[in-house]
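Visitor: no sequence for this one, just the structure:
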C-alpha cells in the first residue's frame, strides 16, 4: 500500500533551526491529513491536522502545509528542539468514510543540541 | 487529559493460542479502531467499530480476528489462533465524531508469538 509515502527515512537538524518533514500521497479522495509523533514502544501522539479546504494550519511551533495539486504535505517545526527527536508519521483519510487512516513509513527526526 | 488505555502492555503467547487485547477508549468517543505495527513496518489499519458493529475492516482482519465492545467502556481485539506473523504492536484508537475529529491512540500492546 503506497498511497502515502514519506521518502526520507531520517532527518537531522540543529537545535533552533527549522525541520521540514515531507509527505506525498496518491489517492485524490483523501481530504484530511494528520501528523503524528511517535517514540519507540509508545503509541502515535497527535500533533496537527489539516483539512483539504485549507492549505495551511499552524499550532505553535508546528505548521502543516498542504499542496493539493501536487498531492504533497509538509510539516515545519520552528524552532526545532532536542525534545522533538522522534519518528514523525503523516497519515491521510477520507473524512466521511469513518476516517480510516493510511500512514506513511515515518521519518526519524533527530535534533542535535 | 483523557487518554486511550490498553492492557496488557506486553504479552508473549504460544503459536495457536488465543489472545485478547483490551482497550478503554476515551469516554465520549464514538468511533473505535485497532491498528498494528509490525517491527520496521508501517502502522496498518485493522478495523473500525461504530454503533456496536464493524464499520470497516482491512484485508489483514480475517476470520482469526474479532472485536467486541462487551460493556460501555471496554473495546477488545481477539486473535483466535495466533500465528508467528501476528507478532506486532497493536494500537487501539478512538475518535469523537465523524467530521474534523482527530483519532487518538493508546500506548500499544506488544504481542510476541513464539
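Guide: Okay, I see it. What you are looking at is a predicted structure, and each value in this text was computed from that prediction instead of being measured.
Visitor: Give the residue spans of the chain that score low on pLDDT.
Guide: Because you didn't say which chain, this covers chain A. A:1, A:96-99 (pLDDT under 70).
Visitor: Oops, wrong one, chain B.
Guide: B:1, B:98-100.
Visitor: Quick one: name the residues of it near chain A.
Guide: Residues of chain B found near chain A (Cβ under 8 Å from any Cβ of the partner chain) are B:4, B:6, B:31, B:33, B:35, B:42-45, B:48, B:50, B:55-56, B:58, B:89, B:91, B:93, B:95, B:98-108, B:110. In this view, the C-beta of every residue, glycine as well, is placed from N, C-alpha and C.
Visitor: Of those residues, grab the buried ones for ChimeraX.
Guide: A single ChimeraX command selects the buried members of the residues of chain B next to chain A (16 or more other Cβ atoms under 10 Å in any protein chain shown):
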select /B:4,6,31,33,35,42,43,44,45,48,56,58,89,91,93,95,101,102,103,104,105,106,107,108,110
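Visitor: all strands for chain A, in order.
Guide: Assigned by DSSP state E, the strands in chain A fall at A:4-5, A:10-14, A:19-25, A:32-38, A:45-51, A:56-59, A:62-67, A:72-77, A:86-93, A:102-103, A:107-112.
Visitor: and the third one, which strands flank it?
Guide: Spelled out, it's strand A:19-25. Strand pairing for strand A:19-25, using DSSP bridges, gives strand A:4-5 (antiparallel), strand A:72-77 (antiparallel).
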